[in-house]
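**Student:** Return a 3D structure for these sequence lines:
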Amino acid sequence: AVPGGAGRAMAAAAFERRVLRCAAEHHYLRVRLELPDGGARPNAAQFKQLVVTALRELHGEVGAALPVDVLTYEEKTLSAILRVISSGLVKLWSALTLLGFYQNRRCAFRVLQTSPFLLALSGNSRELVLD
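**Tutor:** Next comes the predicted model:
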């Protein structure tokens, strides 16, 4: 018998892999609305209504009841930071992706960043300008 051989076999058999999901209560998304033909730009209230409309069209009234907050909105760039409960992240993302019209004009939402941490959206390393 090899000393320690049985002990190693027992240790290998006792190995257990655990994968933990992020337990964050909310997720944050940085999104941009693209309106290729110009025209009227939505204000903050209209932007929020557009998000709710996207949820309603794809997921019905239950989807429209999903709590989504517009934390920041820049009308100039049509970009916003949205907060949603983590369990609703996939519903929100899919609804935004599949929305195709705003006031009978073509449009598209682009999800630029997503994170369970708001601080992670404060900067984008892809936009850094190095001297």
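**Student:** To which secondary structure element is the spatially most central residue of the chain assigned?
**Tutor:** A centroid search over the chain (C-alpha atoms, centre = their mean) returns residue 29, at 3.9 Å, as the residue closest to the centre. Secondary structure from DSSP states H and E places residue 29 in strand 26-34.
**Student:** And the contacts of the lengthiest helix in the chain?
**Tutor:** Longest helix in the chain, counting residues (DSSP state H): helix 44-64. With C-beta atoms under 8 Å, 6 or more residues apart in numbering as the test, helix 44-64 has contacts from 33, 42, 66, 68, 70, 73, 75, 78, 80, 82, 91-92, 94-96, 98-99, 102, 109. Quick note: C-beta positions are derived from backbone N, CA and C, even for glycine.
**Student:** if you set the cut-off to 7 Å instead, what comes out?
**Tutor:** Applying C-beta atoms under 7 Å, 6 or more residues apart in numbering, the contact partners of helix 44-64 are 42, 66, 68, 70, 73, 80, 82, 91-92, 94-96, 98-99, 102.
**Student:** What are the buried residues along it?
**Tutor:** Buried positions in helix 44-64, judged by neighbour count with 16 or more other C-beta atoms under 10 Å: 47, 48, 50, 51, 52, 54, 55, 56, 58, 59, 63, 64.
**Student:** Adjacent strands (with direction) for the strand holding residue 29?
**Tutor:** Strand 26-34 has the following sheet partners, assigned by DSSP bridges: strand 79-85 (antiparallel), strand 108-115 (antiparallel).
**Student:** Output stretch 59-69 in PDB with nothing but the alpha carbons.
**Tutor:** Only the C-alpha atoms of stretch 59-69 are listed here, as PDB (Å, rounded to 0.1, in the frame of the first residue of the first chain):
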ATOM      1  CA  HIS A  59     -44.400  40.800 -21.900                       C
ATOM      2  CA  GLY A  60     -47.900  42.200 -21.500                       C
ATOM      3  CA  GLU A  61     -49.300  44.000 -18.500                       C
ATOM      4  CA  VAL A  62     -47.100  41.900 -16.200                       C
ATOM      5  CA  GLY A  63     -44.000  43.100 -18.000                       C
ATOM      6  CA  ALA A  64     -45.200  46.700 -17.900                       C
ATOM      7  CA  ALA A  65     -45.500  46.400 -14.100                       C
ATOM      8  CA  LEU A  66     -41.800  45.600 -13.800                       C
ATOM      9  CA  PRO A  67     -40.200  48.300 -11.600                       C
ATOM     10  CA  VAL A  68     -37.700  50.100 -13.900                       C
ATOM     11  CA  ASP A  69     -36.100  53.400 -12.900                       C
END
